[in-house]
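# model the structure of this input:
(one chain, ligands or ions: 2)
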Amino acid sequence: MRERYDHVLGCEQESARLALRYGADERLAREAALLHDVTKPLNFDEQLKLCQKYGIILDTVEKNERKLLHALTGACVAGKVYDACAEVCRAIRSHTTGDADMALLDKILYLADYIEPTRNFPGLSELREEAERDLDGAVIMGLTMSVRELAESGRLVHPRTIDARNSLILRKET
Ligand code: FE
Ligand code: FE
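Ligands and ions are numbered 1, 2, ... in the order given. Have a look, this model is predicted:
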């Protein structure tokens, strides 16, 4: 419980910092971070109930990688219960997988969730350094780490993660 609390506050702090660094709206960045894991404590049945309530249709990968559901249900709860705006909901929806054509706020939340102060994993310091230098580069790095980790542990990779990575790489090259 405490861990979740620390993670969310760390994410808020990091999200606000990245918003200032890259010229995004700080208030929205904080709001997105505070709400991003709002449905994370719910179990699978509760997640499914929310999906039904909000008309969320799950694809095969989402049905099999249960961790992905909290981003989808969280975005709906943020909007319907907490009155969050479309930008915030969109950032929450894409915070776990990424998405094609990510907006600035989407990238900030994606990274803040990954590198907030309580995180600890191999490659974190490189990712933090890249986040200071180049936002898109850091998101690509984070997505690549996720794809690698999921693949190596035999898990499914959501197409949105591949789309996110491809679209950022393509935009970098042109
Ligand atoms: Fe999350
Ligand atoms: Fe999180």
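# name the residues of the biggest helix by length in the chain that are buried.
Longest helix in the chain, counting residues (DSSP state H): helix 2-22. Within helix 2-22, the residues that count as buried by 16 or more other Cβ atoms under 10 Å are 7-8, 10-12, 14-19, 22. (Each C-beta comes from the backbone N, C-alpha and C, glycine too.)
# what do you get for stretch 120-132?
Buried, per 16+ other Cβ under 10 Å, within stretch 120-132: 127-128, 130-131.
# would you list every one of the helices in the chain?
2-22, 26-35, 44-54, 60-64, 69-80, 86-93, 104-115, 124-133, 135-152, 159-173.
# out of the ones you listed, which comes closest to ligand 2?
Nearest of the helices of the chain to ligand 2, taken as Cβ to the ion: helix 104-115 at 4.3 Å.
# what's the neighbour count on Leu168?
The local packing of Leu168 (other Cβ atoms under 10 Å) involves 21 other residues.
# in contact with Lys80, which residues?
Tyr54 (Cβ atoms under 8 Å, 6 or more residues apart in numbering).
# from Val88, how far out is it?
Remark: distance between Lys80 and Val88 (Cβ to Cβ, to the nearest Å) = 12 Å.
# what's the answer for Asn43, then?
In this structure, Asn43 and Val88 are 25 Å apart, going by Cβ to Cβ.
# so what touches the longest helix of the chain?
Here helix 2-22 has contacts from 24-26, 28-30, 32-34, 36-37, 40-41, 104-105, 108-109, 111-113, 115-119, 131-132, 135, using Cβ under 8 Å, 6+ apart.
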